[in-house]
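In: Take a look and give me a structure for this.
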Amino acid sequence: MNAPAPTHPPAAMKTLAQIAAELQGYDPQALSAAGVQAFLERLVQPITGTEQVGIFDALGRVLAQDIVSPLSVPPHDNSAMDGYAFDGAQLRPGEPLALRCVGTALAGKAWAGTVAHGECVKIMTGAVMPAGLDTVVPQEFTTADGDGRIRIAADLLRAGDNRRLMGEDLMEGRVALAQGSVFTPAALGLAASLGLARVTVFRRLRVAYFSTGDEILSLGEPPREGAVYDSNRYTVFGLLTRLGVEVIDLGVVPDQPAQLEAAFREAGARADAVITSGGVSVGEADHTRAMMKQLGDVAFWRIAMRPGRPMAVGRIAAAAPANGGAVLFGLPGNPVAVMVTFLAFVRPALLRMMGSSAGAQPLLRAVSTEPIRKKAGRTEYQRGWVSTAPDGTLQVRTTGNQGSGVLSSMVQANGLIVLHHGQGHVGAGDTVDVMMFDGAV
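Out: Alright, predicted model coming up:
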């Protein structure tokens, strides 16, 4: 059964021609990687639907509204150590301090007595600091003098040491997590520390995908001459699953107009975004490009990059015009080109559609252990392995054959060496940028 048609922002959407007119030097036949990113920032818009989920179901979801802290964390000054709490004003430079212990403060059970000059309270980690006390000496840094007295060596502490202040983590009334934040394991713990059992998140982005081509075999089909088993379908499935979207798998669609039309119409009706692989190169003897044009507002690009030069982008018309249609990403057919274009362009666009406020993925700097040939005037993404050199710096090497159909070198990589548009050959010892996979692949 088909899912309900997705809802899209009500604001009027710009046509591809209007977006192109805003970009200086836009040329679909020679588009830079930076130009692609600028175009997509204008094309995609965040979804608006929200839902409430329990904390255990929030991992990877995007927060739809600010969480304002209903309380302070910690709710009171407390001890960061097992030791003895006392008034730090009694510390004198160059002089030891002797104190008499007059009670014990336990975590979860505040000590309500009073502490005079020359006295202290034994305290456990997390226990409320007794009134008038601001410093804790760890138990192992004291010596017992007998009769309940302890001695602290000279110049061991400063007033205020080992005390956690009320609200030093989160202060009541302030934003604890901002809209657009992705719920990480740490964010789950932070929300739980505020006593929140449920949170409001954007609904899951719905992404449909399918592979195209008569030469593509699905798993389980017998081999035949000139045909290859489809790897892109499974790669894209993994990339989308890691991203946390609702995945709509439409399988392999033959290069037949009626079946392509049916697939595009179903995808446009069910999804916020549609991803295809194959059929976008100039001059290919198939119907995919024609069907994209027929059913939507689509641009076909030749990007100044390697791998992944051909790409299509636009919108597929929805059955209900008010929905605005689904954003289309037509990726190349070669397996590595699919992954590179997804990581460089599609993943950031989908995150924006999900409502995430995360900016561009930061690039690491690493020293190349080998020379790398590079043609200026295009951006190259080479598969690399980043490791730590003996001196502690990061180093990177390429992982074998860099052909756009060679998946094995992608499997061996933990990041992409990003060689920028104007960059030329790289020498051994030169520093380069690296886009780490970091769980995306």
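
In: Please give me every residue in contact with Arg204.
Out: Residues counted as contacts of Arg204 (Cβ atoms under 8 Å, 6 or more residues apart in numbering) are Arg61, Gly244, Val245, Glu246. All C-beta atoms are positioned from the backbone trio N, CA, C, and that covers glycine.

In: I'd like these laid out as a markdown table, including neighbour count, pLDDT and secondary structure.
Out: Listed next are the contacts of Arg204 as a markdown table, based on neighbours: other Cβ atoms under 10 Å; pLDDT from 0 to 100; DSSP: H, G, I helix; E, B strand; the rest coil:
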| residue | neighbour count | pLDDT | secondary structure |
| --- | --- | --- | --- |
| Arg61 | 23 | 97 | coil |
| Gly244 | 18 | 94 | coil |
| Val245 | 21 | 96 | coil |
| Glu246 | 17 | 97 | strand |
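
In: Which two of the residues you listed have the greatest separation?
Out: Using Cβ to Cβ, the two most remote members of these are Arg61 and Glu246, lying 11.5 Å apart.

In: What segments of the stretch 251-400 of the chain are helices?
Out: Secondary structure of the stretch 251-400 of the chain, counting by DSSP state H, counting those that start in this stretch: helices at 257-270, 288-295, 335-341, 347-353.

In: Out of these, name the one with the poorest average pLDDT.
Out: Mean pLDDT per stretch puts helix 288-295 lowest among the helices of the stretch 251-400 of the chain, at a mean of 89.

In: got the angle between that helix and helix 257-270?
Out: Angle of helix 288-295 versus helix 257-270, following axes from the mean of the first three to the mean of the last three Cα atoms, to 10 degrees, is 50 degrees.

In: Any chance you could list what contacts helix 288-295?
Out: The contact list for helix 288-295, computed with Cβ under 8 Å, 6+ apart, reads 212, 255, 257, 260-261, 264-265, 268, 276, 278-280, 298, 300, 312, 314, 316-317, 328, 330.

In: from the chain's centre, how far out does that helix sit?
Out: Chain-centre distance of helix 288-295: 32 Å, with Cα atoms, centre = their mean, to the nearest Å.

In: Buried by neighbour count: which residues of it qualify?
Out: By neighbour count, with 16 or more other Cβ atoms under 10 Å as the criterion, the buried positions of helix 288-295 are Thr288, Arg289, Met291, Met292, Leu295.

In: Please apply the same query to stretch 372-383.
Out: Buried-residue list, stretch 372-383, by 16+ other Cβ under 10 Å: Ile372, Lys374, Arg378, Thr379, Glu380, Tyr381, Gln382, Arg383.

In: again with stretch 258-276
Out: If you call a residue buried by 16+ other Cβ under 10 Å, then stretch 258-276 has these buried ones: 260, 263-276.

In: Ala33: neighbour count?
Out: The local packing of Ala33 (other Cβ atoms under 10 Å) involves 21 other residues.

In: so what's it closest to, chain neighbours aside?
Out: The spatially closest residue to Ala33, leaving aside those adjacent along the chain, is Thr379, at 4.1 Å (Cβ to Cβ, 6 or more residues apart in numbering).

In: Look up how far Ile417 lies from the one you found.
Out: 11 Å (Cβ to Cβ, to the nearest Å).

In: can you check Gly359 too?
Out: Plainly put, Gly359 is 21 Å away from Ile417 if you go by Cβ to Cβ.

In: quick one, phi/psi of Leu16?
Out: Note on Leu16: backbone dihedrals following degrees, to the nearest 10 are phi -60, psi -40.

In: Ok, the one 3 residues further on next?
Out: Dihedral angles phi and psi of Ile19 (degrees, to the nearest 10) take the values phi -70, psi -40.

In: surely it meets Glu41?
Out: No: judged on Cβ atoms under 8 Å, Ile19 makes no contact with Glu41 at a distance of 9.4 Å.

In: Who has more neighbours out of the two?
Out: Each of Ile19 and Glu41 has its neighbours counted (other Cβ under 10 Å); Ile19 has more, 19 against 12.

In: For the nearest residue to the more buried one once chain neighbours are set aside, grab the count of nearby residues.
Out: The spatial neighbour of Ile19 that comes closest, neighbours along the chain excluded (Cβ to Cβ, 6+ apart), is Arg42 at 4.6 Å. Arg42 has 14 neighbouring residues, counting by other Cβ under 10 Å.

In: tell me the mean pLDDT for stretch 45-53?
Out: For stretch 45-53, the mean confidence score works out to 95.

In: Just the buried residues of it, please?
Out: Of the residues in stretch 45-53, those buried (16+ other Cβ under 10 Å) are Gln45, Pro46, Ile47, Val53.

In: And it, how far out from the chain middle?
Out: Using Cα atoms, centre = their mean, the mean C-alpha position of stretch 45-53 is found 17 Å from that of the whole chain.

In: And Ser32, how close does it get to Arg378?
Out: Between Ser32 and Arg378 the distance is 8 Å, computed by Cβ to Cβ.

In: Show me the domain layout of this protein.
Out: Here the chain is described, according to automatic domain parsing, as comprising the domains 16-49+203-353, 53-75+174-202, 78-164, 364-436.

In: and those, which is most packed in?
Out: The highest mean neighbour count among these, using mean count of other Cβ atoms under 10 Å, belongs to domain 16-49+203-353: a mean of 19.

In: Contacts only, for Tyr376.
Out: Wrong residue type there; residue 376 is Ala, not Tyr. With contact taken as Cβ under 8 Å, 6+ apart, Ala376 is in contact with His421, Gly422, Gln423, Gly424.

In: about what we covered before: Val418 is in contact with the residue nearest to Ala33, correct?
Out: Yes: with contacts counted by Cβ under 8 Å, Thr379 reaches Val418, the gap being 7.0 Å.

In: check contacts around Ala191.
Out: Residues in contact with Ala191, defined by Cβ under 8 Å, 6+ apart, are Ile55, Ala58, Ile67, Ala176, Leu177, Phe183, Val199.
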